[in-house]
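[1] Curious how this folds, go ahead:
(one chain, ligands or ions: 1)
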Amino acid sequence: MYYLGIDLGGTNIAVGVVSEDGTIINSCTTPTLSNRNFQEIIKDMANLSLKLLEDSNISLEYVASIGIGSPGVCNSDTGVIEYSNNLKLLNVPIKYELQRYINLPIYLENDANCAAYAESLVGAAKDYKSSITVTLGTGVGGGIIIDNKIVTGAFNRGGEIGHHIINVNGIECSCGNKGCWEAYASATALIRETKNVIKNFPNSKINELSQNNLDNITAKIVFDAADCGDDIAINILDNYYRYIGIGIANIINILEPMAVIIGGGISAQKDKLIIPVKKYIKEYIYDGNLKSEIKVAKLGNDAGIIGAALLGKKIKF
Ligand SMILES: [Zn+2]
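    Purely as a prediction, here's the structure:
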């Protein structure tokens, strides 16, 4: 059998047809155009899914289920997106609406939880019964897997790791609170800090690589400048690794999963990221004895589709 996975994002809707072993056979995307009313978005999801199956020569009878990963608070029991600030959705009965077009079992889960589930089943955490995947990107997403199951909390609002507060009255976060881990450990935070610092260091390699234009600064430029031996970039990154380490140490102090998986664009740095972050985790965990594995994610942007698809296949590989 096959499984359809839909990754409903703020910019694009991505749909993939996934095999029993968690491999994406074929996929496609369409713009979300999130300012539309939700019925139109869901209609596009249905049309895109049916077209993908047709293009892949797979008839509906060979599809076991559809899984949807969405940002925000998702009620997997009722199939309702209760709240999403970046998609501007409130109490959308997405399962019911999509089933009007495609009559298959439909599963709904938060998108970061889907990514964590995929890493847990077929990715970097597949050898571990408990794992936490953190995604360092525009924001900081998180998903908690314990005993091979997604932990969403009693009322579907749990697992918001990016919004645990590490600095009272700290920097304002996208959620409206101050001092959230996301405001220090996201790629956005790294870029913001870099802009602040290099104003005072006009001779930094970062200035050269960004052609002296603050708007050109990306996370990659900071890493590239550090690779060139630029002390300013090295210091900025050391501070950044410390913040990543503090957040992961907090997670380990509370849950101590067998593995913590780091995903998102930043994770492309692999050992250059993992080694200093581990040093700071050891500094901040309770007894300094780090037992949990710290690894980079394996599935990249595919994790959302794979995890959503495999919601319909609730067994461990
Ligand atoms: Zn926050």
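
[2] which ones are touching I244?
    By Cβ atoms under 8 Å, 6 or more residues apart in numbering, the contact set of I244 is L136, A185, I262, L273, V277, Y280. The way it works is simple: take the backbone N, C-alpha and C, and place the C-beta from them, glycine included.

[3] Look up how far the ion lies from it.
    I244 sits at a distance of 16 Å from the ion (criterion: Cβ to the ion, to the nearest Å).

[4] Likewise for N167?
    For N167, the distance to the ion - Cβ to the ion - is 11 Å.

[5] please begin residue numbering at 23 from this point
    In the new count, where the first residue is 23, that last one comes out as N189.

[6] quick one: pLDDT of that residue?
    The model reports N189 with a pLDDT of 97.

[7] E230 too?
    Reported pLDDT for E230: 95.

[8] Was I right to think T160 contacts A207?
    No: counting by Cβ atoms under 8 Å, T160 does not reach A207; the two are 11.9 Å apart.

[9] the more surrounded of these two?
    A207 (30 against 16; other Cβ atoms under 10 Å).

[10] Quick check, the more buried one in contact with Y262.
    Yes: if you go by Cβ under 8 Å, A207 and Y262 touch, sitting 7.5 Å apart.

[11] anything in contact with each of those two?
    Contacts common to A207 and Y262, judged by Cβ under 8 Å, 6+ apart, are absent.

[12] The contacts of I266 also near the ion: which ones?
    Applying Cβ under 5 Å from the ion, the subset of the contacts of I266 adjacent to the ion is empty.

[13] Which of those scores worst on pLDDT?
    Among the contacts of I266, L158 has the weakest pLDDT, 94.

[14] so how many other residues sit close to that residue?
    28.

[15] Is it bridged to anything, and to what?
    Beta-bridge partners recorded for L158 (DSSP bridges): V162.

[16] do the same with the one 10 residues further on
    I168 has these beta-bridge partners by DSSP bridges: K171.

[17] and of the contacts of I266, the nearest to the ion?
    A207 (11.2 Å; Cβ to the ion).

[18] where along the chain do the strands fall?
    Remark: strands assigned in the chain by DSSP state E are 24-30, 34-40, 46-53, 85-92, 95-97, 102-106, 111-114, 128-132, 153-158, 162-168, 171-173, 281-285, 315-318.

[19] Could you export those to CSV, including columns for distance to C195?
    Shown next, in CSV, are the strands of the chain (distance: least, Cβ to Cβ, whole Å):
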stretch, distance to C195
strand 24-30, 23
strand 34-40, 24
strand 46-53, 27
strand 85-92, 21
strand 95-97, 17
strand 102-106, 17
strand 111-114, 20
strand 128-132, 18
strand 153-158, 14
strand 162-168, 10
strand 171-173, 22
strand 281-285, 20
strand 315-318, 24
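
[20] and V156, how far is that from S289?
    9 Å (Cβ to Cβ, to the nearest Å).

[21] ditto for E119
    34 Å.

[22] These two - which one has more neighbours?
    Shown here are E119 and S289; by other Cβ under 10 Å, S289 has more neighbours (21 against 18).

[23] which one is the more buried one nearest to, not counting chain neighbours?
    Leaving aside its sequence neighbours, S289 sits nearest to V318 (Cβ to Cβ, 6 or more residues apart in numbering; 4.4 Å).
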